[in-house]
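Visitor: Have a look at this fold, sequence not included:
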Ligand SMILES: Cc1cc2nc3c(=O)[nH]c(=O)nc-3n(C[C@H](O)[C@H](O)[C@H](O)COP(=O)(O)OP(=O)(O)OC[C@H]3O[C@@H](n4cnc5c(N)ncnc54)[C@H](O)[C@@H]3O)c2cc1C
C-alpha cells in the first residue's frame, strides 16, 4: 500500500512538474482508477458506473467544444465580471514595449542556456574612441564645484564642446548627423560623465532619453525629422520635454494642460492649428531649451480634424521663441545646477503640423510616450547610478586606505570594511545589470518591465552605496567644497529616485503590476479574450489560455515544492556555465518556480484587487527584480571570462539577492490576505524551511580588499569611469595618495618600530621622518617618498573652509570678469 501511495504521488509530481498535457493526465487517471477498481474488487455494475463517470469526465476535459461549453465559458463569464475595466492610458502603458528575459523568469523555468548564449555587448572601436577621447576630455574640462557652487551651470566652453562633439545627439542616426551610437555606448558615455559631474551627465542624458529626438525618430514626419534631427544632433537646438504639471506628477496621464483645434493666422496665412494652454514644472533643460516637447490633451469641439471631441494626449514640438511661450525661470534641484525649471503658456496658437507625426498622431501621445519610455529608462538613470557607484567604490576604497585612525587604515577596521565591501559588491552587480540591459536594448528590445527594474534597483543601490560612502568618509563627506567628492553625490540621489517614475510607485505598481500581465505566459491572452474578443473566438482563446494556465500554476507549485525539498539539486543549470556557479543557477531556478507559483496564487486569490494591494505587488516585484539582478551578475561573470579575483563580488551579490528575495517571499505569505492559503504557500515554497542565508563575512572581507588594493580587480570593477590624474585636484591627489600610502607601508613600519624601541622620540609627522633620516633609519629616497605621501595625504584629508560670505563677492567678480572677457572676444 505504501509503495502504491508513493508511486501515485511520484507520478502526480512528475506529470505536474513536466506540465503533462490533459490527455496524459487522463490516461494516468484512467490507469489509477482501473488499478483501484481491481484492488477493491468492485462488482460489474459499480465498474460500469465508474467507467461511465470516468468517460464523462475525460470527455469533459479533453473534448474542447464540450470543455468550453461546460467549464471555460462559465469561467470566462465570471472573469469578465471581476476583471476591472482598464482605461485607454492604462492599456497603452501595459501594451508598451517588449518582454525579454523577464518572461523567462516569470515562466518558472528560465532557459539559462539561452541567456548565456546571448553575445556579450561590446563597444565598436569608434565608440570606444569617443569614450576615451571627447568623453575624457569633457570630464577634464568640468570642475563640479565650479558648476554646482559658483556658476550654477556648466561653463560656456563645456556647453560648446558637448554640442560640437555630438554628445546631445548620441541616439540620432548618422544619416541625420548624429553619432548613431548603440545603447551600450550611450550608457558608457553617461556613466563616465556621471563619475565627474552630475550636472554634466544630466545635461547630456536628457536629450538622449525620452524627448524630442526619440519621439521624432519613431513617429516624426519626414519633414520634421529632416528639419529637427540634424539641428538636435549638432546642438543647434537644445531640447526638453514637458509632461509633468503641478497637478499631475506620477499620474501623468491626468495632465490638465489642453489644446483646442481651431483655425488661426500663422506667418500671414490662415492655417489649421491649436490654441494650447499649459503649466509645467520640473522640466530639465527647460530654462535653456530652444525646442519644447509638450504633452497636452487635445480637444476638437468643431470636429475640424474629423474625429471625436476629446482626442487624447498629444505631443507637439514648440520652438521656445513662439509668442506666448514662457520659459527661463529655474528650480534648484538639490544644488545640482543642471538646468531645470517651469514653463507656461496661455492660448498659444501653433500650427497643427507641430504635432509630432503630424495630424494623424493627434491624440496618440500617450501611446508614443509609453512606447519610447523603455529605451531611455533602461539607460539614463541605471547608468548614472552605476557611474556613481564606480566612483564611490574607487574613491571610498582609496580614502579608507589613506585615512588612518587608531593607527590603522580605517578600511581595515571591520565596521568600515563591512560598508566598503557592500559598496564594491553592489557596484559589480549594478555594472552587470547596466551592461545586460543595454545589450537587450541593442538587440532590439524595448524592455518595459526590465527598464523599471533597472531604474528602481540601480537608483536604490546607488543610494545604499552613497550612504555607506558618506559614513566611511565621516566629516570629510559632510563639509562641502572643492575637496569633497562624495557630498554632491549624496545630495543628488533623490533626484534619480524621483524622476522617470518615482521609486515607490515603480516598485509598488509597475514592476509586478506590468510584469504580471506582460511577462506571464497566459494572463494577457486571458484578458484579451475577456475584453477584446467575442463569441467563439473569445471562447476558444480563453479556453486554451485558461487550461494552460492551470497546468502552469500546478507545474510551478510542484517544481517549487520539489526544489525546496531537494535543495534545488534537480533544478536546471546551464550546461556551459562555470561549475562554481552551478548552485546559484539552480537556486535561481528554484526561486523562479516559487515566484511563478506565488504570482499565480496571488492573482487567483485577489484578482483585480491585487492592483490595490501595493505591498504584496511590491514584494512580488522585488522577487522578480532579484532574479533579474542575479541573472545579470552570473552572466557578467561568464562574459568577463570567469575572473577568479571577482568571485567574492559574485558570491556576495548573488547571496544577498537570494536573501532579499527570500525575505520578500516571506513577507508576501505572512501578509497574504487569504489566511487559509498562508500555510499552504509556505509549505509549498519552503517545505524544509527557508533555504537562503545572508552573504558571508569572508566574502564581504574580500570584496572590501578589492577596493583597498590597486590591481586588476579594482580596475575591472571601476572600468569606464573618469579617474582623476591631476594631483592638484582632490580625486587626482586621492588616487596618488592611495598608491603612495601603499608604497610607504614598509617605511611606516620602520618608523613605528624605531619609535616603539625608543630610538626615535614620538613627535608629529615630518619631524619623525627627518629624525629617522638623520639616524640612518631611512634613506634619502625613502624620506622623499614618505614626504610626498604626507603632502598627498594631507591634501586628501583636508576639508574646505570659507569666508563668512562664502566668497560670494569674489565669485561674482570672477564671473563678471569672465563674462566681460567673453563679450570682448565675441565683439
Ligand atoms: C529634478 C527633476 C527633473 C525632472 N525632469 C522632468 C522633465 O524633464 N520632464 C517632465 O515632464 N518631468 C520631469 N520631472 C518630473 C518627474 O517625472 C516627477 O517629479 C515624477 O513623475 C513624480 O511626480 P511628483 O514629483 O509630482 O510626485 P507625486 O506624483 O506627487 O508623488 C509623490 C509620491 O507618491 C508616490 N506615488 C504616487 N502615486 C503612487 C501610487 N499609485 N502608488 C504608490 N506610490 C505612489 C510617488 O512614488 C512619490 O513617492 C522632473 C522632476 C525632477 C524633480
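Guide: Ah, there it is. This one's a predicted model, so the numbers in the text were calculated from it and none came from an experiment.
Visitor: For this structure, which residues are neighbours of the ligand?
Guide: Contacts of the chain with the ligand, taken as Cβ under 6 Å from any ligand atom, map to 240-244, 249-250, 282-284, 333, 340, 495, 498-499, 502, 504-505, 508-509, 614. Where C-beta positions appear, they are placed from N, C-alpha and C, glycine not excepted.
Visitor: Just the buried ones among these, please.
Guide: By neighbour count, with 16 or more other Cβ atoms under 10 Å, the residues of the chain next to the ligand hold 240-244, 249, 282-284, 333, 340, 495, 498-499, 505, 508-509, 614 as buried.
Visitor: Mind checking which of these land in strands?
Guide: Here DSSP state E is the test, and those give 240-242, 282-284, 340 as lying in strands.
Visitor: and residue 358, how many neighbours?
Guide: By the criterion of other Cβ atoms under 10 Å, residue 358 has 16 neighbours.
Visitor: now whatever residue of the stretch 1-150 of the chain ends up closest to the ligand: how far from residue 606?
Guide: Of all residues in the stretch 1-150 of the chain, residue 90 sits closest to the ligand, at 11.8 Å by Cβ to the nearest ligand atom. In this view, residue 90 and residue 606 are 18 Å apart by Cβ to Cβ, to the nearest Å.
Visitor: now do residue 684
Guide: Counting by Cβ to Cβ, the separation of residue 684 from residue 606 is 18 Å.
Visitor: what does residue 693 give?
Guide: Here the criterion is Cβ to Cβ. By it, residue 693 lies 31 Å from residue 606.
Visitor: With neighbour numbers in mind, choose between those two.
Guide: Comparing residue 693 with residue 606 by other Cβ under 10 Å, the one with more neighbours is residue 606, at 17 against 10.
Visitor: Which neighbouring elements make contact with whichever strand or helix holds residue 53?
Guide: Assigned by DSSP states H and E, residue 53 belongs to helix 44-62. Packing partners of helix 44-62 (3 or more Cβ pairs under 8 Å, 6 or more residues apart in numbering; DSSP states H and E): helix 22-40, helix 64-67.
Visitor: what's the longest one packed up against?
Guide: Going back to what we said before, that points to helix 22-40. Other helices and strands packing on helix 22-40, by 3+ Cβ pairs under 8 Å, 6+ apart, are helix 2-17, helix 44-62.
Visitor: Dump these to TSV, plus mean neighbour count.
Guide: Formatted as TSV, the helices and strands packed on helix 22-40 follow (neighbours: other Cβ atoms under 10 Å):
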stretch	mean neighbour count
helix 2-17	13
helix 44-62	13
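Visitor: what about these, which gets the closest to residue 777?
Guide: Minimum separation from residue 777 across these (Cβ to Cβ) falls at helix 2-17, 72.6 Å.
Visitor: angle of the closest one against helix 22-40?
Guide: 170 degrees (axes from the mean of the first three to the mean of the last three Cα atoms, to 10 degrees).
Visitor: re earlier: what about the residue of the stretch 1-150 of the chain closest to the ligand, how many neighbours?
Guide: Per other Cβ under 10 Å, the neighbour tally for residue 90 reads 15.
Visitor: if I pick it, what's in contact with it?
Guide: With contacts defined as Cβ atoms under 8 Å, 6 or more residues apart in numbering, residue 90 has no neighbours.
Visitor: Is it within a helix or a strand, and which one?
Guide: helix 88-95.
Visitor: Determine the next helix or strand in the C-terminal direction from that helix.
Guide: Going down the chain from helix 88-95, the next helix or strand is helix 101-107, by DSSP H and E.
Visitor: what's that next one in contact with?
Guide: Counting by Cβ under 8 Å, 6+ apart, 110-111, 114-115, 436, 440, 447, 449-450, 453, 515, 518-521, 552, 592, 595-596, 599, 624, 627-628, 631 sit against helix 101-107.
Visitor: Just the buried ones from those?
Guide: Buried subset of the contacts of helix 101-107 (neighbour count, 16+ other Cβ under 10 Å): 110, 115, 436, 440, 447, 449-450, 453, 515, 518-520, 552, 592, 595-596, 599, 624, 627-628, 631.
Visitor: got a pLDDT number for the residue lying closest to residue 213 once chain neighbours are set aside?
Guide: Nearest non-adjacent residue to residue 213, counting by Cβ to Cβ, 6 or more residues apart in numbering: residue 232, 5.1 Å away. In the predicted model, residue 232 carries a pLDDT score of 98.
Visitor: Residue 232: what's it in contact with?
Guide: 168-169, 172, 178, 207, 212-213, 216, 239, 291.
Visitor: next one: residue 721
Guide: By Cβ under 8 Å, 6+ apart, the contact list for residue 721 reads 191-192, 195, 387, 390-391, 394.
Visitor: buried set for the longest helix along the chain?
Guide: Counting by DSSP state H, the longest helix found in the chain is helix 365-402. Within helix 365-402, the residues scored as buried using 16+ other Cβ under 10 Å are 365-402.
Visitor: So what's the gap between it and the chain middle?
Guide: Here helix 365-402 is found 7 Å from its chain centre; the criterion is Cα atoms, centre = their mean, to the nearest Å.
Visitor: Which parts of the stretch 151-300 of the chain are helices?
Guide: Counting by DSSP state H, counting those that start in this stretch, the segments of the stretch 151-300 of the chain that form helices are 156-164, 183-194, 198-205, 212-219, 222-233.
Visitor: Export the ones you listed as a markdown table, with columns for distance to residue 120.
Guide: Listed next are these as a markdown table, based on distance: least, Cβ to Cβ, whole Å:
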| stretch | distance to residue 120 |
| --- | --- |
| helix 156-164 | 29 |
| helix 183-194 | 10 |
| helix 198-205 | 24 |
| helix 212-219 | 26 |
| helix 222-233 | 29 |
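Visitor: So which of those is nearest residue 10?
Guide: Evaluated over the helices of the stretch 151-300 of the chain, closeness to residue 10 peaks at helix 183-194, with 47.9 Å, by Cβ to Cβ.
Visitor: elements contacting the closest one?
Guide: Applying 3+ Cβ pairs under 8 Å, 6+ apart, one finds that helix 183-194 makes contact with helix 125-130, helix 136-141, helix 198-205, helix 365-402, helix 414-442.
Visitor: what angle do the third one and helix 365-402 make?
Guide: Regarding helix 198-205 and helix 365-402, their directions subtend 150 degrees when assessed with the same axes, to 10 degrees.
Visitor: ok, residues contacting helix 198-205?
Guide: Against helix 198-205 from outside (Cβ under 8 Å, 6+ apart): 138-139, 142, 144, 147-148, 153-154, 158, 162, 167-168, 170, 189-190, 193-194, 284-285, 336-339, 380, 383-384, 387, 488-489, 492.
Visitor: Save the contacts of residue 721 as a markdown table, and put in pLDDT too.
Guide: Shown next, in a markdown table, are the contacts of residue 721 (pLDDT from 0 to 100):
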| residue | pLDDT |
| --- | --- |
| 191 | 98 |
| 192 | 98 |
| 195 | 98 |
| 387 | 98 |
| 390 | 98 |
| 391 | 98 |
| 394 | 98 |
